[in-house]
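Enquirer: Here is my input; please provide its structure:
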Amino acid sequence: MANTLWTKADCSYCDDLRRELAARGVVVEEIDIDKSPHLVPELLKITGRRRIVPVLVLGTRIEVAPHGGSTF
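Expert: The predicted structure follows:
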């Protein structure tokens with residue numbers, strides 16, 4: 001499974017997590033739900049229907065809003 005970071009525009013928690021991952025050298029595919037709203041159903045499956053970002057998927061590990069999040 002790929003490393004994926006789910007985000008949206010104007011989300012400071014997303015920005016912070018993106019910077020943290022870059023500083024650690026973690027490579028992720030970023031999915032911006034504002035630009036890809038057709039993928040929201042997939043995100044809702046991952047989060048147990050919680051409408052919140054950021055969501056980080058690292059292999060089989062899932063972190064939903066690990067340091068706080070923004071709803072959508």
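Enquirer: Next secondary structure after the lengthiest helix in the chain?
Expert: For the chain, the helix with the greatest residue count under DSSP state H is helix 12-24. Sequence order places strand 29-32 as the next helix or strand after helix 12-24, per DSSP states H and E.
Enquirer: Please spell out which residues along that next one are buried.
Expert: I31, D32 (16 or more other Cβ atoms under 10 Å). To be clear about C-beta, it is placed using only N, CA and C from the backbone, and glycine gets the same treatment.
Enquirer: do the same with stretch 54-66
Expert: P54, V55, L56, V57, V64, A65.
Enquirer: Can you lay out the residues you listed as TSV showing pLDDT and distance to P37?
Expert: TSV is the format used below for the buried residues of stretch 54-66 (pLDDT from 0 to 100; distance: Cβ to Cβ, whole Å):
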residue	pLDDT	distance to P37
P54	98	16
V55	98	15
L56	98	20
V57	98	19
V64	98	19
A65	97	19
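Enquirer: State the pair within those residues that is farthest apart.
Expert: Longest distance between any two of the buried residues of stretch 54-66 is 12.9 Å, between V57 and A65; criterion Cβ to Cβ.
Enquirer: Now P41. Its backbone dihedrals?
Expert: phi -60, psi -40 (degrees, to the nearest 10).
Enquirer: can you redo the buried residues of stretch 54-66 as TSV with distance to C14 and secondary structure?
Expert: Formatted as TSV, those follow (distance: Cβ to Cβ, whole Å; DSSP: H, G, I helix; E, B strand; the rest coil):
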residue	distance to C14	secondary structure
P54	4	coil
V55	9	strand
L56	10	strand
V57	14	strand
V64	13	strand
A65	10	coil
